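Student: structural data only, the sequence is not supplied:
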């Protein structure tokens, strides 16, 4: 039997979207997310050279090595990937940014940069691989660790958890979602939608740490997630050139949202009256989830009205990095005129 | 240029020789009263008369109320270092006592009668100005009235020194960008004061300004403006910054000139300026932009440099172009934020943990600030590394005379960047030293060749940019970075050498201390101590510096910091000649004077003979 390699519309196989072999622990949630990134890029026919991968420091930030090996990437500093991404995407705003951070990288050392990137609305998918612990330094609580949790190494957590989605909302993000590494389909659909967003798209993905925080009673474990995940919607992503199919069974529960690039998401609501375009509702729902120890996932908030930083900066279609010398160096006559002005 | 009509001033007292075009004026006012306009008007008036001039703003870290001084040096011989003032404009009651006390015998005190100056010193000449009276009937109210109040001393000083009203008007017109309404409202006060002085004062002092043609064709500009313009002509595309004195006016200038200089044919900007949330982010943006092919810069000062250290280290190790302007102020810590310094040299040179070392450019004038503005961007791209430009508050925020800037010679240099086709033809390994100069080839994100992709990282890597903990990979890469640094020695701006006949003494210095040193060297030569002067314009040092040290018995290394940071670097670089080096390092926030430099050099030489 002859085997043919499956390829996408660009003639690329899934292997073409792969990266180096992961050096993370076997079963780490981050590996599962990396695989979904590969799958998404393959399914969406993305050109690897149009994507840049950016990360900070930590287990999460290693993971861009493990996908899209044909894309340029930059593993920056702890908590300071947002500024790196901002600069890179100003120099070349035609690139699509895919940032990967972790709960320590975003929720602690990088909180300032995270919120300011969101405030500037840099066009970037910002994934937080959230496991509530520091892995590489062997298991300390991170700022997103659950209140009252006990861990073998870290002890008892007396402090409330920082909610990445809440912080993103408050900072002005127009795309805020939460997912679970164990829910591959939802991760994929949210990633696809995020890639089509106009500005910063924040994806807080609970991604279990099998080494330090995967006990059954930990809210950031696989078993807990599988048992307790409460999706707000069933999400389907449809590229711009694809027709959308609406389930005729429950028309009232299903809404379609057109994204910035013409693609669409179909949201089949699994919860009455949840409107992800209402910021006050989103904040309230997050608070309610915290109060009731609910693990909600899905698209928490969506608003594409705010222009991104490149748009605010008035940049032309040609990236700054691609401008020819003539565009960058004023003429001798301009210098002469200036010198006259200062005479 | 040049006003040529004869002076109509009454001559000074018989028997007193006129002092023409050779004195300093100190203007003492309170911060935030708009005295800057008045001071710059005087400065530019002298400049318009063709007389070499320089102004230094000695100001507090404060928005309103604290004392501030403006020193104007007028020198027919072209000396522009700070010099204690013979003429004082005493308009600040809070400091009038110490200001008057600081005048030398024969000095002149022009005071606002409202500040109640103590006129008991008999060796001074006093002129009281009835400021309140002169403003009577002026329609301006409140703050605006305070602002124009300072124009009274412009009128009186102009009359005393022999500056015509036409010249003052020309200077004011420049200051207000030819907005006639503003010019007129200020001129009204200048004229009234000038005419009052003419009618009521008797000139008793010898100081005069007479037209010359020494400023013909020159420009007057601050170093920060010059650096910003240089950057714009150097093709800067991304500027990220966080406000900090004394660098803020660098970005202000960049932003004000960019729309005119750098708008594309389609009306879109060919640059972006991002005000970051802090310096940690500003440098992160610069590094990100440099990696993606931007010509990126930031401007900051010492505290900002402290915050930037980790990203600069990453820029060094991952080999990312970046330009960092450090307009130095006095540290450590918040230090003296409005005073000048050369205290960041050692820190910037070695910024980062582990083995890091960076090229540092050292401008001393507005011409060099402009030139280094565009050269730094070229060097960053050519060397693929962060480049520091160490200016200082004195150069950055004060107005300096200079030659009109030379247009950059040669095209923009972007260094070793491979296109998709070139990657195809020759292959690509990000950190491989193909040419033997330590500089590897790079590719930019967006390159469609799949083989061009690499993962930039601060972690150990082999020459293909893959993660590596192999001891050999680490040490070989670090040695290559040293080779690259050696290549930089020949690429950075070389030193400027000025020699005198029969000199056995060498002086090495950099930046704005040159003005006091140059003046002191003339004084030393008159005292039969000729010196040679090597003015460093960049680190790392090249062969010229080694040769200079080798050729002299004694080399004095002068710098404006406490610890002798350049001295340390030279000791390290020239171990065989350490015994020849003498350090003169001193910092108190004030620019040096020639008298002080001369004394220090003589003292050092005397001690050296022990």
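Tutor: Looks like it arrived, so ask away. These numbers come from a predicted model, not from an experiment.
Student: quick one: residue A:339 from residue B:226, how far?
Tutor: With distances taken as C-beta to C-beta, to the nearest Å, residue A:339 is found 11 Å from residue B:226. Using the backbone N, CA and C atoms, a C-beta is placed for each residue, glycine as well.
Student: and those two? Which one has more around it.
Tutor: residue B:226 (30 against 18; other C-beta atoms under 10 Å in any protein chain shown).
Student: quick one: buried residues of stretch B:124-140?
Tutor: Residues of stretch B:124-140 classed as buried: B:124, B:125, B:126, B:127, B:128, B:129, B:131, B:134, B:135, B:140 (neighbour count, 16 or more other C-beta atoms under 10 Å in any protein chain shown).
Student: hmm, back to that, okay, and the common contacts of residue A:339 and residue B:226?
Tutor: residue B:405 (C-beta atoms under 8 Å, 6 or more residues apart in numbering or on different chains).
Student: looking at the buried residues of stretch B:124-140, which is nearest chain A?
Tutor: Within the buried residues of stretch B:124-140, the smallest distance to chain A is 28.2 Å, found for residue B:140 (C-beta to the nearest C-beta).
Student: roughly how far does the closest one sit from residue A:53?
Tutor: Going from residue B:140 to residue A:53 by C-beta to C-beta gives 60 Å.
Student: do you know the pLDDT at residue B:71?
Tutor: On the pLDDT scale, residue B:71 is placed at 97.
Student: quick check: bridge partners of it?
Tutor: Per DSSP bridges, the residues bridged to residue B:71 are residue B:26, residue B:56.
Student: counting neighbours, what do you get for it?
Tutor: Using other C-beta under 10 Å, residue B:71 is surrounded by 21 other residues.
Student: hang on, isn't it packed against residue B:58?
Tutor: Yes - the criterion here is C-beta atoms under 8 Å, and residue B:71 meets it with residue B:58 at 6.4 Å.
Student: now for residue B:79: which residues touch it?
Tutor: By C-beta under 8 Å, 6+ apart, the neighbours of residue B:79 are B:52, B:73, B:515, B:518, B:519, B:594.
Student: shouldn't the fourth one be within a strand?
Tutor: It stands for residue B:518. No - secondary structure of residue B:518 (DSSP: H, G, I helix; E, B strand; the rest coil): helix, not part of a strand.
Student: nearest to chain B: which residue in the stretch 151-300 of chain A?
Tutor: For the stretch 151-300 of chain A, C-beta to the nearest C-beta, closest residue to chain B: residue A:171, 11.5 Å.
Student: next, give phi and psi for that residue.
Tutor: phi -80, psi -10 (degrees, to the nearest 10).
Student: burial measure for it, as a count.
Tutor: With other C-beta under 10 Å as criterion, residue A:171 counts 19.
Student: gap between it and residue A:113?
Tutor: From residue A:171 to residue A:113 the distance is 11 Å (C-beta to C-beta).
Student: could you report the neighbour count for the residue of the stretch 101-250 of chain A found nearest chain B?
Tutor: Closest residue of the stretch 101-250 of chain A to chain B, C-beta to the nearest C-beta: residue A:116 (4.3 Å). Using other C-beta under 10 Å, residue A:116 is surrounded by 18 other residues.
Student: mind listing what it touches?
Tutor: Residues in contact with residue A:116 (C-beta under 8 Å, 6+ apart) are A:82, A:171, B:276, B:277, B:281.
Student: and the end-to-end length of stretch A:14-21?
Tutor: End-to-end distance of stretch A:14-21 (C-alpha to C-alpha, to the nearest Å): 14 Å.
Student: ok, now stretch B:524-542?
Tutor: First-to-last residue span, stretch B:524-542, C-alpha to C-alpha: 28 Å.
Student: what does stretch A:8-28 give?
Tutor: Per C-alpha to C-alpha, the first residue of stretch A:8-28 is 28 Å away from its last.
Student: for stretch A:59-69, same thing?
Tutor: End to end - C-alpha to C-alpha - stretch A:59-69 spans 18 Å.
Student: any idea how far residue B:376 is from the closest residue to chain A within the stretch 501-610 of chain B?
Tutor: In the stretch 501-610 of chain B, the residue that lies nearest chain A is residue B:512 (19.2 Å; C-beta to the nearest C-beta). Distance, residue B:512 to residue B:376, by C-beta to C-beta: 18 Å.
Student: follow-up on the earlier one: go through the contacts of residue B:79 and give me the one with the most neighbours.
Tutor: Counting neighbours by other C-beta under 10 Å, the top entry in the contacts of residue B:79 is residue B:515, with 25 neighbours.
Student: so who does it touch?
Tutor: When contacts are counted by C-beta under 8 Å, 6+ apart, residue B:515 touches B:54, B:79, B:80, B:81, B:591.
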